[in-house]
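Undergrad: generate a structure from the sequence data that follows.
(chains A, B and C)
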Amino acid sequence: MKKLADVLQDWEAVIGLEIHTELTTLDTKMFCNCRLSHDDEPNTNVCPVCLGLPGALPVPNRRAIQSIVKAGLATNCEIMRHSMFYRKHYFYPDMAKNFQTTQGPVAFCMHGHLDLEVAGRGAAERPECAFGEAEAQSLASASANAVGLSTAMSDHLPEGGAARPKASSQGTYDTANLVLPERAEDGSYTVPIRILRIHMEEDAAKMVHVGGEEGRIGGATESLVDYNRCGTPLIELVTEPDLRTPEEARLFMEKLRRVFLTLGISDCSMEKGSMRCDGNVSLRRRGETKLGTKTELKNLNSFKALHDGLEYEICRQAEVLEEGGVIYQETRHWEPSRKRTVVMRVKETADDYRLFPDPDLAPFDLTDEFIDECRAEIPELPDAKRDRFCEQYGLKRADAEQIAGDPVTAEFFEQACRLAPEKAALTVGNVVVNLLPAYDALTPAQVAGISALLAGDAISFAQAREVLDAVNGTDLDPEKVVDERGMRQVSDTGALEPVVDAVLARCGEQVEQYRGGNRKVVGFLVGQCMKESRGKGNPKLFNQLLSEKLSQM
Amino acid sequence: MAPELALAAAARIDADRAAGKPLPALAGVPLAVKDNMMLTGTRTTCASRMLENYESVYTATCVQRMLDAGCLPVGKANMDEFAFGSSTESSAFHRTNNPWDLERVPGGSSGGSAAAVAAGEVTLALGSDTGGSIRQPAALCGVVGMKPTYGAVSRYGVVAFGSSLDQVGPFGRSVADVALAMNALTGPGRDPRDSTSQDCPVDFLEHLEDGVAGRRVGIVPALMDAEGLTPEVRAAVTAAAKSLEAQGAELVEVELPNLDAAIAAYYVLGPCEAFSNLARFDGVRYGYQEPGCASLAEQSSLSRAHGFGAEAKRRQMLGAWLLSSGVYEKYYLAAQKARTLITRDYAAAYEKADVILMPASPRTAFKFGEMSDPTQMYLADLYTISINIAGNGGVSVPLGLGADSGLPVSAQLVGPAFKDRDLLTFARAVERGAASADGSPALAVAPDFAGKGGELA
Amino acid sequence: MALSERDVRGIADYARVALTDEELTEMTAYMNGAITGVLEPVLQYGEADVPPTFHPIGDLSNVMAADVPEPGLSIDDALLDAPSPRDRYFRVPSILGGEE
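TA: Purely as a prediction, here's the structure:
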């Protein structure tokens, strides 16, 4: 198969995502008062409602509705005042009633967007021909036979109608208000990704397949059903197919995860399956007006799987198409171990879900008051926090993005900053990004202390690790540890000069190399100085002194 | 029968009574519960092979409230399978006879509940009404049967047929008994387990004996002249109207021009909701499971084929067709528009009248196997279904025995949504008018059963 | 247009109702009779210039419950009516069946 970079020169990949997020931070299920299960024994948290017993009736969880409204507000969606729950029928034992309660044409949240900043190596995945004039022409022509769900599905369908969401392939792809990305000098670019809708639904039960290979359904002699997860509140976000590279898809998912984590509506664990992503992808030749047939990818259960699965699928489709083959609309399973996608072997259930408004649930007419209450509970979102961190603490944008993306880390960072000297904030950021992840029990005060020491050149970065090893999980003060161990580094030029002189005298060979133009040798000489000073000399100062002396020699 | 439950409840009442504790309003009153209502300690079969051995693991709110009010749960009452029918003949287990003539049906689908009250086996019974399933058997058995406004009584724990149509209500031998039952059912307020239930904060006894002087009773001429309405029923309902007039009420003519729309909507919505509600019966979590199946699809299909009776399968098949792509768009929306039309009809009628008086059933109880003529069925539906479509309340009140058949005949009163107390005030006035001089209900226990044990003085 | 036996077979497969050939013939006749007899009359209201009514409950909306846990069923009660429980689970036969 050709490489992604080569494929994307000739083919435009059109990618849409469907992202399911369980509202794991709630206490109870979507339509009953059962506790949410995490690692409980099978069928522990079940009641007549989530077991679908005869006569049981659903009552929506208020906090779940608040959570989805917050999710919508945080992703620039329009909050729909009027909507209803629908029943989506399919016979499969993971859904206790043989229908799933979900939303109809009008979801609680519609027509949002997130702006994606794509920088670094990943930004190169989008080829030059996908910017500017060429992309504009390509978009303008994209209307017929679109992939993914589309705005057209719901724009003209008031909830009062009996209309249902159309099958995705029937929609059109509205590109009229798409903003074209511009590439900055450093290769980065920003592209808005439109969100079609976020709707509320309930999760299905877990099935254990017995007798088959690796617990897969194929070859299983029987299956066992555990309804603990059945009825867990689930929000499904559907993007417009505005993504063009696997990296953009990965970044979108990461960004959404940061937003949801900050909102506190889910633990967003892809590993545990509380955040799950399906990818729709199709190819068309650059300049082609018709969109190609899409495939749907499942089992993209990590950011890496999301990227690599889409990359593989794009390359696979290109190969098929270039050999004159046909892409079938099908669901494919990403196998990370074999790095390939395969057609799902699960028998497809009927496509006709027979959706109709759930008569057991009253409609929703969300009031301004309800929406305002939700809005008031939204904390500072990652993008705003990132910008503030850059402004307030002078952090690098990438560091600020990383810290601001995780509410726990961001809170830790700000606590440490409050305890550290003002001018050490940048160092606090540096410590939080580069050192903190290696430790499990540091306090903000300890990070503030180590940052103050680093910012004041009292210790080196390497020494900081030793200090943190010592204080992790204790209430020890980093400064005391440094003093007790006599680690404070020497930053007195007068004291370091003799060391530098001694090393230069000893290392004639390296001095010759330097003269010959090998500037890298300074690193080795700094190392020798550090050794000579038993690690206490300030490496930055050594570097400076060495450079001065060498250039004079 | 649930003797252990009834005896245990009676023992608790006796103990409280002996201890001098205050007793609830219905202390010691024998109660029958339609067999589509959950009651722990009993099976809830819906008169279907599908649920033949289904042990209730929770108790329906309506049943619990009757027990909290002191009722003794004597047993579960037979019904048409999953409430699909109007004669109780489709029960998978046995037939229920009309206590007034054992060769005749008790009506349905809550036929067992109505018959148990008429035979004096119990004083109160609970039924459910999706298209007339309380009011029609009440009429055929000569008891009072009330379908309250949709949402007045919780549906939690009642096996659903049509979720937007179903409503639970009581049967009793007098309007006062039904009022007491309504107090028990609605008194604790809306049920937090039923999203469609609403507060109904009234005391149904408070205005029960109020006069109706100066109040307006609507008569729908088209319903009184309908083809198939038997002369004896027409005569009895007309007499009831005259008696209300004699009590000072004003008779006014009102029109319900879209009754046909209501019936058309019912035939669409009923199967759609039934298909959806009965989809859960697949033999996995509960219910009949076909043994020895090699695949899930085979097990589900055979369990459903052999667990459900013919009518249950037919309704689900129609529902599955009606909800399918291309069909749904045409039929379902039309049905919901028809629903709007009949709802507006009633709203307009209630501008002119406080209640509407009409027959509950066009004729008295028919013989087993007799009712197969679709035109007759349609006529029967004409009097009951529109109330379920519009969601308002209706009550069937006995008027004595028909002049021709010698079997019970009834009138039906229907009223605006959540005016159910008002409805009972008028029902009491009708009952008073039809009663003998001593003021007792028009009809007591069916003669063959009188004095055979269940009857309380 | 009347439903064919093939159409009805498709609906029965979807609705998980096994029908013998004889039952299929009967069901097809029944459904076609019901469609023309009692279902089609509703179509005349499709063009009515009124909004649809989905719930017969007036202005009732926004019904929600607090996010407060309550005890559910014991494992014994949860499995009480299960025709074939296995340990703490509900068991179903092979989902793909003999096609494997």
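Undergrad: quick one: contacts for residue B:421?
TA: Listed by C-beta atoms under 8 Å, 6 or more residues apart in numbering or on different chains, the contact set of residue B:421 reads B:202-204, B:206-207. Just so you know, the C-beta spots here come from the backbone N, C-alpha and C atoms, and that holds for glycine as well.
Undergrad: hang on, it in a strand?
TA: No. Residue B:421 sits outside any strand when classified using DSSP: H, G, I helix; E, B strand; the rest coil, being helix.
Undergrad: helices and strands of chain B: which one bottoms out on pLDDT?
TA: helix B:374-390 (a mean of 85; mean pLDDT, DSSP states H and E).
Undergrad: okay, now residue 75: neighbour count?
TA: Picked chain A for this. Close neighbours of residue A:75, defined as other C-beta atoms under 10 Å in any protein chain shown, add up to 21.
Undergrad: my bad, the chain I had in mind was chain C
TA: The number of residues packed near residue C:75 is 16, by other C-beta under 10 Å.
Undergrad: might one say that it is in contact with residue A:44?
TA: Yes. With contact defined as C-beta atoms under 8 Å, residue C:75 counts as touching residue A:44 (7.0 Å).
Undergrad: compute the inter-axis angle for the longest helix seen in chain B and helix B:374-390.
TA: Secondary structure assigned by DSSP state H gives helix B:328-352 as the longest helix of chain B. Note on geometry: by axes from the mean of the first three to the mean of the last three C-alpha atoms, to 10 degrees, helix B:328-352 and helix B:374-390 are set 80 degrees apart in direction.
Undergrad: pull out the buried positions in helix B:328-352.
TA: Taking 16 or more other C-beta atoms under 10 Å in any protein chain shown as the basis for neighbour counts, the residues of helix B:328-352 that come out buried are B:328, B:330-343, B:345-346, B:349-350.
Undergrad: check contacts around residue 82.
TA: Looking at chain A here, since you left the chain open. A:106, A:159, A:363-366.
Undergrad: could you do chain C instead?
TA: Taking C-beta under 8 Å, 6+ apart as the criterion, residue C:82 is in contact with B:284-286, C:90-91.
Undergrad: wait, which of those residues is closest to residue B:360?
TA: Closest approach between the contacts of residue C:82 and residue B:360, by C-beta to C-beta: residue B:286, at 35.3 Å.
Undergrad: contact residues of the stretch 101-250 of chain B facing chain A?
TA: B:155-160, B:162-164, B:192-196 (C-beta under 8 Å from any C-beta of the partner chain).
Undergrad: biggest separation within those, which pair?
TA: The widest separation within these (C-beta to C-beta) is 22.6 Å, between B:162 and B:192.
Undergrad: these two: which has the busier surroundings?
TA: For residue B:162 and residue B:192, the more surrounded residue by other C-beta under 10 Å is residue B:162, and the numbers stand at 23 against 15.
Undergrad: now the more buried one: closest residue in space, sequence neighbours ignored.
TA: Closest residue to residue B:162 in three dimensions, ignoring its sequence neighbours and counting by C-beta to C-beta, 6 or more residues apart in numbering or on different chains: residue B:273, at 4.1 Å.
Undergrad: distance from the strand or helix carrying the one you found to the middle of the chain?
TA: For residue B:273, the host element (DSSP states H and E) is helix B:259-278. Counting by C-alpha atoms, centre = their mean, to the nearest Å, helix B:259-278 is centred 17 Å from the centre of its parent chain.
Undergrad: helices or strands next to it in the packing?
TA: Under the contact criterion of 3 or more C-beta pairs under 8 Å, 6 or more residues apart in numbering or on different chains; DSSP states H and E, helix B:259-278 touches helix B:310-322, helix B:328-352, helix B:374-390.
Undergrad: reformat those as TSV; add distance to residue A:92.
TA: Converted to TSV, the helices and strands packed on helix B:259-278 look like this (distance: least, C-beta to C-beta, whole Å):
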stretch	distance to residue A:92
helix B:310-322	16
helix B:328-352	21
helix B:374-390	32
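Undergrad: distance to chain C added to those helices, as CSV?
TA: Conversion of the helices and strands packed on helix B:259-278 to CSV gives the following (distance: least, C-beta to the nearest C-beta, whole Å):
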stretch, distance to chain C
helix B:310-322, 4
helix B:328-352, 3
helix B:374-390, 6
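Undergrad: what's the closest of the ones you listed to residue A:279?
TA: Taking C-beta to C-beta, helix B:328-352 is the member of the helices and strands packed on helix B:259-278 nearest to residue A:279, at 30.1 Å.
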